[in-house]
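1. The sequence isn't on hand, but the structure is:
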C-alpha cells in the first residue's frame, strides 16, 4: 500500500503530546510530507505545524488526512467521523493505524466508495503474500533487533536511513508496523499478517535491489518476548540482513507487558539473533548497539555506553544523543 | 471449534489413496468416529469402511460429513456441491480443510444458514485469540518438533496420545493443523492465525489442566525452515512443553519446498529447539527422537536408529515400526 503525500495531520482531541506520537514521528522524519495540523478545540497536543482546516489543506496540495493520534477507548467518536467525512468530501484519502478500521465505519466506507477515495487501515494488511522462499536477493539489508519490544528499533532504523541518504548512499526504510507505515507512506504491518506468510511478506517488502542499495528494515518484537517472538523470527528470516543492530533500553526491569519475564543479557540476545539470522544469510553480523538512554542523565548515559562498548567491542550509540554514524561506518566500510 | 462426531467420510473423486490421506488418518486414529465412506463413481481411494449414502449415514447416527480428500486444482466441483448440499438438507454439518472455504460457496453458505447447520472450514480460524502471556500453566505438555516440515510430527503426537491413554494416563492430542483438527474434531490451525497471536492461540489450545494430565501438542514446521520458522517459534513458546520429541526423515536431501536449503544436523536442531523452548519452560528436555524410516528397509532402519541412539543417548523410535513406548517411558518416569 502507498499513502499519497503530502498529509494533513489530524491530532483530534489528543490528551497530550504522547497520544499524538504518530503525528510527532511523521513531522520529525518526514517534515516535507506535512502541510499542517488539524486540532479539535480540546486538543492538548501540538506538532509545531500551522493549524489549518481541510479547505486550506486541500489548497496547499494535501492528498491524505492521516490520523496521527490514538483514539480513546478504541472508539472512533462522532466528532472524528464528522471531520474525517468532511475530508473525504473535499478530496482527501484517509489513513490510520487504529485497532478498529476506518473501513468498518459505515458512513466513511460508503462515502469513500461513492467518491472514489481510499481508506488506508495500515494495521490491517489486505494484500495476499507468498510463502517465503529464502532465496538470496541482491542489494544490502540492515535490521535492528531488540532485547525487548519498544526499545528504539524504529527510531534507529529511520536514523540509519537518514544517515545513509545524507552520505549519498541509496537507502529505503521499510516499515513493518503501523507507525512506520504512516511515517513513510508504505510498508506492511507484519504482526497482522497470517503467520504462514511472515517471512514471505518481509521478502516482498524488501525485494531485490541494486547492489549498492540499502533496505533499512524496521524490526519488531524480540526473540526473547514470549508473546511476539514468532513475528520476530519470521521477520529475521525474511529480511536476510547483512547487518543487525541490537537495540536496548537499559532501565527496563522486565519484558514489556510480561512482569514475570526478565530481560535477556546483551551477549545472549546477540547470539540468539545471529543464530536465527544465519539461516537465510550465513554472513550476517552485528554493526553495533543502539541504546535508548532517554531515562539516564548525560554522565550516566556516557558511562553506560562506554562500558557496553568496552565489553562487546562494537560501536555503541544512542540514535538521539549521538546519532548512528558509527554504526553506518561499520555497515559501509 | 468442535466438530460433532460421528462422521461420514467423503472421499469424492480421489485419484488415489494418497489424495484421501485425511480420511485415512481419521480411520486410523479415530475409527470409532466413522460410520462409513461416501465415494463418487470414479473414486480410486478406499478407506476400508462401508460404502454408504447420506440417508444411511444419518440413520447410523452421523452428525458431520467430513471432506477427507483434497480437491483438484483448488476448485469445489459441481458434483461435490451436489453431495455436500444434500448432506446439509438431510441434517449433517460439513467439515473440510480445503484452501478455499465451504463458506465461500454461495449455495452451501445459504442452505447452511437457512437450515441452521455449521460449516467447519478448519484451515481458516474464525476465533479471536489473546496475545500470549507466557504464564506458567498447570498440567504436563509434550511437543514434537522437526528437522523439517512433514516428517512425522502429527503421527508421533497421535501415537504418544494413544500410548498414554493405553496406560490409563489422561492425555489429549491438541491439533494445530487441518488434518489433525479433522481427525480429532477440535484444534486451531496455527499457521492461519494472525502472527501476533501464534503463542496466544497455542496457550488457549493447551490450557491449564490437572497435574497428571498430558497435552500432546501437534508440532508445525521447523525452526530451520526459512518459510515457516515464525509459526514454529510461536508454537514452541505457547506450548511450554515439558518434553520435546525430535522428528526426522533420514532420506530427505533438502528442506521441503526449498531445494537450496540443506537439513540441519540432529544435535544442532535439538539445541536450537531447546534454546527456544527454555524461554517459557526452563526445565524442558528431549524425551527422544522419532524417525520416519518408511523409505528404509528393515535392516537399514534398525541400523540407522541404533546409530542415532548411540550418538545421542536418547530413545530412538519409529512411531509406525516400533511404537513410541520408550519415549512415553521417559516422559512418565
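-> Yep, that arrived. Note that the coordinates shown come from a computational prediction; the quantities given were computed from them, not determined experimentally.
2. ok, and residue A:127, which helix or strand is that part of?
-> Secondary structure from DSSP states H and E places residue A:127 outside every helix and strand.
3. Report the contact partners of it.
-> A:1, A:188 (C-beta atoms under 8 Å, 6 or more residues apart in numbering or on different chains). Any C-beta I mention is one placed from the backbone N, CA and C, and that applies to glycine too.
4. Give me the phi and psi angles of it.
-> Main-chain dihedrals, residue A:127, degrees, to the nearest 10: phi -70, psi 160.
5. What's the separation between it and chain B?
-> 14 Å (C-beta to the nearest C-beta, to the nearest Å).
6. Quick check: residues of the stretch 101-250 of chain A near chain B?
-> With C-beta under 8 Å from any C-beta of the partner chain as the criterion, the stretch 101-250 of chain A comes near chain B at residues A:131-135, A:190-196, A:198-200, A:223-224, A:226-235, A:237.
7. In chain A, what residue spans correspond to helices?
-> For chain A, the helices defined by DSSP state H cover A:21-29, A:54-59, A:78-89, A:106-115, A:153-166, A:178-184, A:198-205, A:229-239, A:266-277, A:298-312, A:325-332.
8. could you dump the ones you listed to TSV with mean pLDDT and mean neighbour count?
-> As requested, the helices of chain A are exported to TSV (pLDDT from 0 to 100; neighbours: other C-beta atoms under 10 Å in any protein chain shown):
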stretch	mean pLDDT	mean neighbour count
helix A:21-29	95	21
helix A:54-59	98	17
helix A:78-89	97	17
helix A:106-115	97	14
helix A:153-166	98	23
helix A:178-184	95	25
helix A:198-205	98	26
helix A:229-239	98	30
helix A:266-277	98	19
helix A:298-312	98	14
helix A:325-332	98	19
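9. To residue B:23, which of these lies closest?
-> helix A:198-205 (30.3 Å; C-beta to C-beta).
10. quick one: the closest one to chain centroid distance?
-> Chain-centre distance of helix A:198-205: 16 Å, with C-alpha atoms, centre = their mean, to the nearest Å.
11. before we move on, what about stretch A:20-38?
-> With C-alpha atoms, centre = their mean as the basis, stretch A:20-38 stands 14 Å off its chain's centre.
12. What residues sit buried inside stretch A:311-325?
-> Under the neighbour-count criterion of 16 or more other C-beta atoms under 10 Å in any protein chain shown, stretch A:311-325 has A:312, A:314-320, A:322-324 buried.
13. repeat for stretch A:122-135
-> Buried residues in stretch A:122-135, counting neighbours by 16+ other C-beta under 10 Å, are found at A:122-125, A:129, A:131-134.
14. The helices of chain A: which one's closest to residue B:59?
-> Ranking the helices of chain A by distance to residue B:59, with C-beta to C-beta as the measure, places helix A:229-239 first at 46.2 Å.
15. Now do that closest one against helix A:266-277, angle only.
-> If you take axes from the mean of the first three to the mean of the last three C-alpha atoms, to 10 degrees, helix A:229-239 sits at 60 degrees to helix A:266-277.
16. Tell me which other helices or strands helix A:229-239 touches.
-> Counting contacts by 3 or more C-beta pairs under 8 Å, 6 or more residues apart in numbering or on different chains; DSSP states H and E, helix A:229-239 packs against strand A:140-146, helix A:198-205, helix A:266-277, helix B:198-205, helix B:229-239.
17. Identify whichever of these lies nearest to residue B:27.
-> helix B:198-205 (24.2 Å).
18. do the closest one and chain A meet at all?
-> Yes: Helix B:198-205 comes into contact with chain A (C-beta under 8 Å from any C-beta), by way of B:198-200.
19. Right, I'll leave it there.
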